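> Show me how the following folds:
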Amino acid sequence: MRTGSLITEAQRMMSAPMEWFEEHIKRGTATFERARLCLTTCQRNILASPVLSVEQAVKGSNAGLKIYNWLRSSGTDYSSDFMTDRPFLKVLTYFLVTERRQGEIMLWITRQQPCLTDGTRLDAKELHRWKTYLLFGLLSEQNSRDGGFDVALGSFLKVIGHLNSATNPMPKELAQPFFPGCYAGGMYLTRQLTQEAAHPRNPALFDHFVASVPAWTTSKVDLTKARLLCYHPTNPTAGPALTYLRSSKVSPEAIKVLSIKDRRQLAQLCLGTASLLVAQEKYEDATWTLEFARDRFPEDLGLVRPVLSTGGNERPERRSSVKEAGLAEDEELNNLRLLDGLSLG
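Numbering: from 1, shown residues only. Next up is the predicted model:
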């Protein structure tokens, strides 16, 4: 191709990327690299344009759906180039969700994907990573919009329902490795509720999410349910959390062998439970929960008691009384810190 023609094509690609790519489809010269270039240029052009609504501009372009249709019809969505290109998957997810085409993403997540375009068998771990990234991207994109948390919950439950369905066409050897991906999605939604102050609006949908916990986690069913039930949209309850915190699962011996991540989850459960109990004016249980958190997870909550020094000149009884007074004052300060932290959810 001559230099002039290259410049003309580059100019057309920059000014009208979708038309440019559609011309390549007609010629039979469309490639994944061109599809990626087209979509990222569409996004850049929309963001740089003076349009009043980026969302409306994205919807009007239908660029996500057009690229999706080409990927499916050409079989390129079976290629390792496509499945491992996370920046492109992120942009494509943004377009499809904005265009209200999340159903197309769901088809990728739930369908059987046995082999690559060259006919070789697809590694189960590669499949797991791809589907996990797609699910996480779908949930986070949906949740980022007004009222989107319930939409994300609905999408997640559809995936869980499909994988547990008797009509699921995905072979067990491919479906089972994806359940860890569902765990990542379920924990993302749980964190949005317990740490990021997401606001579910549909009680029935929330109940279904709580009931789905055993389908996407096996080792933390009771803990996860207890965390979630503190944030029920119409009937929050601290009962299961208190039962869990008073069980042998959170004994001093059990806590010693927990990972830092697991300890932090328990510390967050304590704060969320105490916050709810204070709101419900159940102050005795709230006090017990705060003291439990302070005693079992001081480092995780940033409550490390200072070492008191008397300079070595005071009498033993004086040093003892100073120490006791200091510890009492420190306990009061720690309780105040914990109470301040309750507003953070």
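> Skipping its backbone neighbours, what lies nearest residue 282 in space?
Once flanking residues are discounted, residue 282 sits nearest to residue 238: 7.4 Å by CB to CB, 6 or more residues apart in numbering. Yep, even glycine has a C-beta here, placed from its N, CA and C like the rest.
> Pull the contacting residues for the nearest residue to residue 101 once chain neighbours are set aside.
Of all residues not flanking residue 101 in the chain, residue 65 sits nearest, at 5.4 Å (CB to CB, 6+ apart). Shown in contact with residue 65 (CB atoms under 8 Å, 6 or more residues apart in numbering): 95, 96, 99, 101, 104.
> could you redo the last one with a cut-off of 10 Å?
95, 96, 99, 100, 101, 104 (CB atoms under 10 Å, 6 or more residues apart in numbering).
> Present those as CSV; the columns should include secondary structure, neighbour count and pLDDT.
Below are the contacts of residue 65 laid out as CSV (DSSP: H, G, I helix; E, B strand; the rest coil; neighbours: other CB atoms under 10 Å; pLDDT from 0 to 100):
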residue, secondary structure, neighbour count, pLDDT
95, helix, 24, 96
96, helix, 24, 96
99, coil, 20, 95
100, coil, 9, 93
101, coil, 16, 94
104, helix, 18, 94
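> Surely the residue nearest to residue 282 and residue 288 touch.
No. The pair residue 238 / residue 288 is not scored as a contact, 11.0 Å apart, by CB atoms under 10 Å.
> and the two? which has more neighbours close in?
residue 238 (24 against 17; other CB atoms under 10 Å).
> mind listing what the more buried one touches?
Shown in contact with residue 238 (CB under 10 Å, 6+ apart): 226, 229-230, 245, 269, 272-277, 279-280, 282, 285-286, 289.
> And it, how far from residue 289?
8 Å (CB to CB, to the nearest Å).
> list residues touching both of these two?
245, 269, 272, 273, 274, 275, 276, 277, 282.
> Name the nearest residue to residue 21, ignoring sequence neighbours.
Nearest non-adjacent residue to residue 21 (CB to CB, 6+ apart): residue 38, at 3.9 Å.
> Quick check: the one you found touching residue 19?
Yes. Residue 38 is within contact range of residue 19, at 9.5 Å (criterion: CB under 10 Å).
> These two - which one has more neighbours?
Each of residue 38 and residue 19 has its neighbours counted (other CB under 10 Å); residue 38 has more, 24 against 11.
> how close does that one get to residue 141?
20 Å.
> Can you pull the residues that touch both of residue 238 and residue 288?
Contacts common to residue 238 and residue 288, judged by CB under 10 Å, 6+ apart, are 245, 273, 274, 277, 282.
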